[in-house]
Structure formats: C-alpha cells, structure tokens
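Peer 1: Let me see the structure of the following:
(chains A and B)
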Amino acid sequence: MLVVDLNLCTGCQACVAACFAENNIGVAGEDQVAMGRGRHWIKVERYWRSTEYPDVRAVYLPLPCQQCGNAPCEPVCPVFASVHSKDGLNSQVYNRCIGTRYCAQNCPYKVRVFNYFAPRFDPPLEQQLNPDVTVRSVGIMEKCTFCVQRIRRAREEAKVEGRELVDGEIVPACAQTCPPGAIVFGDGEDPRSQVARLARSERGFRLFESLNTKPPVVYLKKGDTKNG
Amino acid sequence: MADDARSGARGGHDPGSPSPEETARRLEAAGVRTTPAATEAELARLDRALDDQVFRSMSAISLRFVLVVLFLGGVVTLGAFAFGWQIYRGIGVTGLNRPVFWGFYITSFVFWIGISHSGTLVSAILRVLKVEWRRPLTRAAEAMTVFALMIGGLFPIIHLGRNWRFYWMIPIPNDRGLWPNFRSALMWDLLAILTYITASSLFLYFPLVPDLAAARDRSRGIRHKVYAVLSLGWRGTQQQWHRLHLGMRIFTVIVIPIAVSVHSIVSWDFGMTLVEGWRSTIFAPYFVIGAIYSGVAALISVLIVLRKATHLEDYLTVRHIDRMGKVLLAVAVIWFYFFWSGYLTDWYGGNAVARALQDLHTVGAMAPLFWAMIVVNMAVPFLFLWWRRVRTNMAAMLAISLLVNVGMWIERFLIVVTSPMRNSLSFDWGGYRPGWPEIAIVSATFAAFALLYVIFSKLLPLISTWEVKEGWRIDRWQREGVVELETDVPTLSEPGGAR
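Peer 2: Numbers count the residues shown, from 1 in each chain, chains lettered A, B, ... in the order given. From the prediction side, this is the model:
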C-alpha cells in the first residue's frame, strides 16, 4: 500500500527524477514531451485552486500507477501482457506486449507509458543504468511497478536471514527521495504498519472510487485553514 | 411478337384483370424489366450481348487502364514505404501520444470495416427478399465487402507497436504454452473479422463459379488453366445448379447475422471500456447502422464509377442508383436518430468529462469537423435525396455518396480519436496531429481499394451473368404465367390467384 499526503507534497518532482534513475526510464526529450510522450511512471499533476494574486494556491497530485485491485487494464490486453501478480501488483510483461495500447486507453488514471521510440541513453547515462531493471524496447507499454525489484530483494534478504519483513524495509525510489516524506510505502494488510495507520486518517481517499478499481494507493486530502 | 408472349399464355385479356399495358406499367414500377425477354431468340440475343460486354471488358487493356494502375500502384507503394519507415524508426513517427493512443489507423479500421458491411449485407438482404433488380449489382457489392475487409483487417496490425509480433494474437499452440486472452474485446474482434472475411469470400465465390466456368470456356492458355481450377469442374448440370441454389439459399441466411455481429463487436472495442465518449450501451446498433450507412454510400460510389468505366450502363442502370438512393436516405435518418439519442443522453447526464467532450466537438478545436459531419451526414442526404431528379443524376449521387463517406470517416475520427482527449484528470487532456506516415498509409488504402476493383474487373466478371440471364427467364415465365414470384408484388398474380 502506498500513502501520499497531499498536505506535505510540495510538487518538487524529486520523486519523478528518482523514478527515472531507478527504473531505467528513457528520457524522451523536450519536443517529445511537448507531444505528450514523456515517459513519466510517476507524474506530479498540478491543479490550481486559485490563480488570483496574491492568493495563488496549487494542489500537487503525485500519480504513480494505482496498481488497481480490480484493474481495467488487465482484461483488455489480448495477449496477457498486463496481468495481476500474486502480491497484488499489475505486472506488465514487456516481452509479451505487442503494443495494442488498449490497456492505456482503458486506464482511468492515464499512468501507462508507451515507448513510441526505442529509449536512448546517451553517454554517460548508460553508466548509471540499474542492473536490476530491464531496458524496454520500442513499441511496448511500461508503467510503475512499485519498484518491484526492491520488493523482491527485501523479501529475499529477509528470507535468507530467516525473519519476517519489517515495516518500512521496502522503500520505492519515489518514497525514498521525497524530501518532506509525503510518500509512504508499506504493508496495508498489517494494521500496525505506518501506511495502515495513515490510511485510516479522516483525510484518506482513493482516486475514482466510483469506478470500483480498488486501488491500494491512498491519498490524504489537502486541508488548509480556508478550505477545510 | 412481344405482345403475343405477354398475353398469349393467359389466353387473352380478361376484363377482371389489369390490361397488358397496365401490367407492363406496374411491372416497370415494380422494377421488373419489361422491354426485353420476349422470345427465345430475343433472350439468346440478350445473352450474347451481355456476355460480349462483360467478358470482352475483361480482356481488353487500354492505355487508360495502364495509367490508372500505375497511379494507384504508386500511391500504394508510397504507403508501403511509409509502413516500412514506421517499423524502422518506431511507431513514434505517428502523431500518437498520451492520452491519444489510437489515431488514424483505428479510425480507418472502423471505417473500412463499416464499408465492408454493406456489400454482403445488401446483397444478402436483397437475395433473401428475392428482389429481382438485385441481379446485376450483387457481384460488385459482394466484392466490395471482401476488398474492404482485406484493407480494414490490416489496420490493427499496422497500428501495433510491435507489428512483427501480431501473430501472438492468433490462438495457435506454441512452445511457451501461451494462449491469447479471450476476455479482451480485441480477440473477439480478430475472430469476428476472420469469420466475416471467410464468409464473405465464400459468398462472393459461390455465385462466381458458373461465371468462372464461362470465362474458362472463353479463354486459352494460362488464363484457361486458372479458370479451370477455380471453376471447380462446373459443367452446368442440373445437380450442380441445384446445389448452387441450395447452398446460396442457406448461406444467404447465415451471412446476415454474421455481418451484424461483426460491427457490433467492433463497437465493443470502444463500448466495453471506461473511456468517456466510448463507454456506451447504444454503440453496437449505432455502429451497425453507421456501417450500413457508409457501406450503402460506398456501394453507390462504386456502382457509378464502375458503370461508367466499364460501359455497363445498360446493366447497372440509373434505376439501381435511384433505389439505392432511397435506401441511403432511410439509413441516414436512422443513423441520425441513433447519433442524436447518444448525444442527448450524454448531454442531459451532465457528466463533466462528457460535457468537456461535447464542448470540444461543438465549439472547441474539433468544431469544424463536427459541424462538417452534421452537414454532410444529415443535412445533405436529407435535403437532396427526397428528389428523384437528384437520385437519377449520376454526378449528384456520386458527390453525395462520397460526401457521406467523408462524413462517416469524420464521425469515426470524432469517436475514436477525440474521446481520449478528455478524461477525468484534466492534467492529462491532450490533442492529436497525424504524422506523415499515417496520412500516407491511409491514402494508400483508398488507392488499394480502387486498385483491387481495377484488377478485379480484368480477372473476373463484374456482373453475375448467369443471375442476370436467370432473371430474364424468370421475368418471361412469370409473364407467361409459368411461375409466380414469391415477392410481394401483388400486380403479378391475378385476383384470387395462387400466392
């Protein structure tokens, strides 16, 4: 489960940068981003509450894949490239994807990213590629994995050491980097975990609950003195 | 002579039944040819004229034909080059982005599947209803379905990010034990289109067999050999005719629900999703009627061009266009009814995204396209097709039918491409501008459609000669009182006569 406190988010985009570095996401370039082809696995969406000077206020909505429990992207894929993992992630099987882009069309959060061109890593960028993560090819869909490589590694280490996972042991790149600590990751099934406690907050909500997508990402509503 | 044949068998004029002149006039109105088909000698002469006309145009190759083939072939080659470029560089050479993941290709896919709809369907419905005037135009209509499907079926493959892996959608056993996902509407689509192209190819082929045999008997050399194989040893025996008629009778009934199901399933690619502007319960019948609409218009365009280009004006007559024009008008009204029902419901519901989408259509960036669609798909047919003078004017009908298809292409564009431009997160709103490969490939498919007809006209009879001849004989026997047609043309039976 991922909890995002909108009160704490400053919209600094550090999570986006961390995600690009951790997950070998190709940089699309300025003109491609202007076309809407940025490969951001996590987007920081900015919505204006007020643009009247001096009372200028914005809300920042960090939006990774919601890893829906009842995911609209999964049934529409004709080749089972978008599948549900045992631990509840929406996995994207890169090798299986043929690029119909149907999953992205049906995603209400628009968090799926398509490789319109093969990703390029100009020197010395190729030196910092993460060996735990595949570099994806042209013509396939990719998306946030909740840093599945970190989840697997932590679990294996715990297993080797013969112990249970500790709350806070798994930290995705976005949560690790977030300066104000607005993003928290943990086991939502464990009622004593930090995420479970945060998610019980009165401010907690999930995006588009009416669609019954059952996302495990809980947002804590932005509250201020004027708008409650 | 002619009068003898008409009245002779009935043993003179009975004051209780209509006069021969009256009968002739009403037959004319009912669409039965009245002038020819009087005697065996005249029938034989008509047969010869038809055969000469149809089979001669298959062998003669004019300079104009070569130029047309070169031009169309050139456009198709450009499209093939664009496709190669897209594979080489990546699908990014298109204008697609996030959130508009589907563009010109899927628009054209829906468009061509729509065009494919009316050929087989019109032919099958006219056959089931035993409408006599269908005879000269069924071949061209059935061919249209096959050609449009061959083209439309390519678009989902062209559209893929990794086109070279398209066969992973085909349910064939493989070493990885992977199976396609039959919960996906795209898989239903694949199966529906494969079913439809199989059925419509057979539907074109069955009635071709006697004509292929006729072509075989008129040709020599390599053509003769090819026709000999294709005509499946047709000798015209009583048993062969019986089987052909029985087969067509069964198949005609089967092919109608197949045709209806195909465009319903195409509509569910959209209707089954969560995308505002797509998610709809009305889409299946709306897409079916839209497909019939664009298909009838395309058939009118094709018939007008074919009759002119191959000098078949005596067989593909102005009356055919006139009648198809009436069909087009009726379908236009039904189409608008469906369009309006969906639009009104969305508007009244007041969903913010649906409203944003309607604003984009009516006053936003897509307004020129939207209003152009309203004008050419509703106003033009509704204002003009009521008048016989318009329906019998070939230039006007060509213009109207082409305009309707321009409008139907726009309609598909508005549904397929503009709907994802607006969604619940306004941060992710977007636009779309096609890349040159998309324009080149879509243009190439229109050229390919024309090219297929041009090639077809040199290889196979454009008119089902045996069916036309059969029609003349039925016409004659009917007037001699030998047979009664089972159509609802009450003037043909005498009062109180067998029905």
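
Peer 1: Need the three-state assignment for the residue in chain B that chain A sits nearest to.
Peer 2: Relative to chain A, the nearest point of chain B is B:Gly161 (1.9 Å; C-beta to the nearest C-beta). C-beta: built from backbone N, CA, C; applies to glycine. With DSSP: H, G, I helix; E, B strand; the rest coil as the basis, B:Gly161 sits in coil.

Peer 1: Okay, the spatially closest residue to B:Arg127 that is not a sequence neighbour and B:Pro207: tell me how far apart.
Peer 2: Excluding the flanking residues, the one nearest B:Arg127 by C-beta to C-beta, 6 or more residues apart in numbering or on different chains is B:Thr252, at 4.7 Å. Distance of B:Thr252 to B:Pro207, given as C-beta to C-beta, to the nearest Å: 10 Å.

Peer 1: more neighbours, those two?
Peer 2: Just comparing B:Thr252 and B:Pro207: by other C-beta atoms under 10 Å in any protein chain shown the higher neighbour count belongs to B:Pro207, 21 against 18.

Peer 1: how about the nearest residue to the more buried one, chain neighbours excluded?
Peer 2: Using C-beta to C-beta, 6+ apart and skipping residues adjacent in sequence, the residue nearest B:Pro207 is B:Ser464, 5.4 Å away.

Peer 1: pLDDT below threshold where in chain A?
Peer 2: Residue ranges of chain A with pLDDT under 70: A:224-228.

Peer 1: and the residue of it nearest chain B?
Peer 2: Counting by C-beta to the nearest C-beta, chain A gets nearest chain B through A:Gly99, at 1.9 Å.

Peer 1: returning to what we had before: surely the residue nearest to B:Arg127 and B:Lys130 touch.
Peer 2: No: B:Thr252 is beyond contact range of B:Lys130, at 10.3 Å (criterion: C-beta atoms under 8 Å).

Peer 1: Contacts only, for the residue nearest to the spatial centre of chain A.
Peer 2: Geometric centre of chain A, nearest residue: A:Pro64, 2.5 Å, by C-alpha atoms, centre = their mean. By C-beta atoms under 8 Å, 6 or more residues apart in numbering or on different chains, the residues touching A:Pro64 are A:2, A:19, A:41-42, A:111, A:144, A:146, A:174, A:217.

Peer 1: quick one: which two of the residues you listed are the most distant?
Peer 2: Maximum pairwise distance in these, criterion C-beta to C-beta, is 14.6 Å, between A:Cys19 and A:Val217.

Peer 1: Just the mean pLDDT for stretch B:464-473, thanks.
Peer 2: What stretch B:464-473 shows for mean pLDDT is 85.

Peer 1: what comes up buried for that stretch?
Peer 2: B:464-469, B:471-472 (16 or more other C-beta atoms under 10 Å in any protein chain shown).

Peer 1: List the contacts of it.
Peer 2: So stretch B:464-473 is contacted by B:33, B:36-37, B:43, B:46-47, B:50-51, B:54, B:132, B:135-136, B:138-139, B:207-208, B:210-211, B:214, B:315 (C-beta under 8 Å, 6+ apart).

Peer 1: What subset of these is buried?
Peer 2: Neighbour counting with 16+ other C-beta under 10 Å marks B:33, B:37, B:43, B:46-47, B:50-51, B:54, B:132, B:135-136, B:138-139, B:207-208, B:210-211, B:214, B:315 as buried within the contacts of stretch B:464-473.

Peer 1: Need the residues that contact the helix ranked longest in chain A.
Peer 2: What stands out as the longest helix in chain A, according to DSSP state H, is helix A:148-160. Applying C-beta under 8 Å, 6+ apart, the contact partners of helix A:148-160 are A:87, A:89, A:91, A:130, A:132-133, A:164-166, A:169-173.

Peer 1: cool, and stretch B:334-348?
Peer 2: By C-beta under 8 Å, 6+ apart, stretch B:334-348 touches B:277, B:280, B:282, B:285-286, B:289-290, B:293, B:354-355, B:357-358, B:377-378, B:382, B:411.

Peer 1: repeat for stretch A:17-33
Peer 2: For stretch A:17-33, the external contacting residues (C-beta under 8 Å, 6+ apart) are A:37-42, A:64, A:113, A:115-121, A:125, A:128-130, A:133-136, A:142, A:144-145, A:147, A:172-174, A:176-177, B:92.

Peer 1: tell me the secondary structure for A:Trp48?
Peer 2: Put simply, A:Trp48 is strand when judged by three-state DSSP.

Peer 1: Pull the number of nearby residues for it.
Peer 2: Neighbours of A:Trp48 using other C-beta under 10 Å come to 10.

Peer 1: got the contact list for it?
Peer 2: A:56-59.

Peer 1: at 6 Å instead, please
Peer 2: Shown in contact with A:Trp48 (C-beta atoms under 6 Å, 6 or more residues apart in numbering or on different chains): A:Ala58.

Peer 1: That one pairs with what?
Peer 2: On the basis of DSSP bridges, A:Trp48 is bridged to A:Ala58.

Peer 1: Against A:Leu220, how distant is it?
Peer 2: For A:Trp48, the distance to A:Leu220 - C-beta to C-beta - is 20 Å.

Peer 1: Check B:Ile172 too.
Peer 2: Remark: distance between B:Ile172 and A:Leu220 (C-beta to C-beta) = 50 Å.

Peer 1: Compare neighbour counts for those two and give me the winner.
Peer 2: Neighbour totals were compared for B:Ile172 and A:Leu220, and A:Leu220 leads with 21 against 9 (other C-beta under 10 Å).

Peer 1: thought that one was touching A:Arg203?
Peer 2: Yes: with contact defined as C-beta atoms under 6 Å, A:Leu220 and A:Arg203 form a contacting pair (4.3 Å).

Peer 1: Enumerate the residues of chain B near chain A.
Peer 2: Selection of chain B residues close to chain A by C-beta under 6 Å from any C-beta of the partner chain yields B:90-92, B:97-99, B:101, B:160-162, B:165, B:168-169, B:180-181, B:183-184, B:186-187, B:273-275, B:427-428, B:430.

Peer 1: Now a PyMOL select for only the buried ones of the residues you listed.
Peer 2: Of the residues of chain B next to chain A, the buried ones go into a single PyMOL selection, burial set by 16+ other C-beta under 10 Å:
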select buried, chain B and resi 90+91+92+97+98+99+101+160+161+162+165+168+169+180+181+184+186+187+273+274+275+428+430
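
Peer 1: Please consider this matter closed, and thank you.
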